[in-house]
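S.K.: What follows is a predicted protein model with its sequence.
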Amino acid sequence: MSNELVLHLVVNGEPARALVPASRTLLELLREDLGLTGTKHGCDVGDCGACTVLVNGLPRLACITVAADCAGEHVDTIEGVAVGGQPSAIQAAFDHHVAAQCGYCTPGFVMTLTHLFTEEPEADEASLRHALGSNICRCTGYVKILAAARDAQARMRNPA
Ligand code: FES
Ligand code: FES
């Protein structure tokens, strides 16, 4: 008996379909089956946040999420964050503050902040630091990332 299944879900607002082993992780589905390699493969054990995506608007670590559990759900990845072909306010702020060195952690941080500022536009410093605590950066450090996050929040409050 095959242990593969046909999975239907909505990724970045578009219907997606893949034939996957029942054990496929959401990270493998996104990167290997759907070609969405913006979501990064870091620790693979749920520690680093590099694989953070949103499932029905909530942050999920794709490396420890079984793809089949997302059947029929809405998944948002870094590829869907840009607005009208332009970087989102968060992406623009990361660029402005040079808040990335190798950039491997950046998609995860952007997705974490996308959720935070959607749910909590007025997030205070404690909430901001708490949210960012679920993502690890091994090279840039957190000063620039925090500056970018604060700037992004300001840009979202007062769009140009
Ligand atoms: S790769 Fe998923 S938490 Fe590190
Ligand atoms: S910029 Fe390299 S891990 Fe964060």
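M.R.: Great, that's in hand. Ligands and ions are numbered 1, 2, ... in the order given.

S.K.: going forward, measure contacts and count neighbours with C-alpha atoms only.
M.R.: Fine.

S.K.: Tell me who's in contact with Met156.
M.R.: 89, 121 (C-alpha atoms under 8 Å, 6 or more residues apart in numbering).

S.K.: which SS class is it?
M.R.: helix (DSSP: H, G, I helix; E, B strand; the rest coil).

S.K.: cool, and His8?
M.R.: Going by three-state DSSP: His8 is strand.

S.K.: For the closest residue to it other than its chain neighbours, grab phi and psi.
M.R.: Leaving aside its sequence neighbours, His8 sits nearest to Arg17 (C-alpha to C-alpha, 6 or more residues apart in numbering; 4.6 Å). Backbone torsions of Arg17, given as degrees, to the nearest 10, read phi -140, psi 140.

S.K.: how deep is Arg17 tucked in, by neighbour count?
M.R.: For Arg17, the count of nearby residues is 15 (other C-alpha atoms under 10 Å).

S.K.: and what of Val110?
M.R.: 26.

S.K.: That one reaches Gln91, doesn't it?
M.R.: Yes. Counting by C-alpha atoms under 8 Å, Gln91 is a contact partner of Val110 at 6.8 Å.

S.K.: and Leu128, that's in a helix?
M.R.: Yes. Counting by three-state DSSP, Leu128 falls inside a helix.

S.K.: what residues are up against it?
M.R.: 116, 149.

S.K.: Could you check the pLDDT of it?
M.R.: If you check Leu128, the pLDDT there is 96.

S.K.: just Met1 next, same as before
M.R.: 55.

S.K.: Likewise for Ala22?
M.R.: 95.

S.K.: Please state the offset of stretch 82-101 from the chain centre?
M.R.: Remark: stretch 82-101 is offset 14 Å from the chain centroid, using C-alpha atoms, centre = their mean, to the nearest Å.

S.K.: how about the residues of this protein that lie near ligand 1?
M.R.: Residues of the chain lying near ligand 1 by C-alpha under 6 Å from any ligand atom: 41-51, 61-63.

S.K.: Would you mind giving the residues you listed as TSV with secondary structure, neighbour count and pLDDT added?
M.R.: Shown next, in TSV, are the residues of the chain next to ligand 1 (DSSP: H, G, I helix; E, B strand; the rest coil; neighbours: other C-alpha atoms under 10 Å; pLDDT from 0 to 100):
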residue	secondary structure	neighbour count	pLDDT
His41	coil	20	97
Gly42	coil	16	96
Cys43	coil	12	97
Asp44	coil	16	96
Val45	coil	12	98
Gly46	coil	18	97
Asp47	coil	15	97
Cys48	coil	20	98
Gly49	coil	32	98
Ala50	coil	30	98
Cys51	coil	32	98
Leu61	strand	23	98
Ala62	helix	27	98
Cys63	helix	27	98
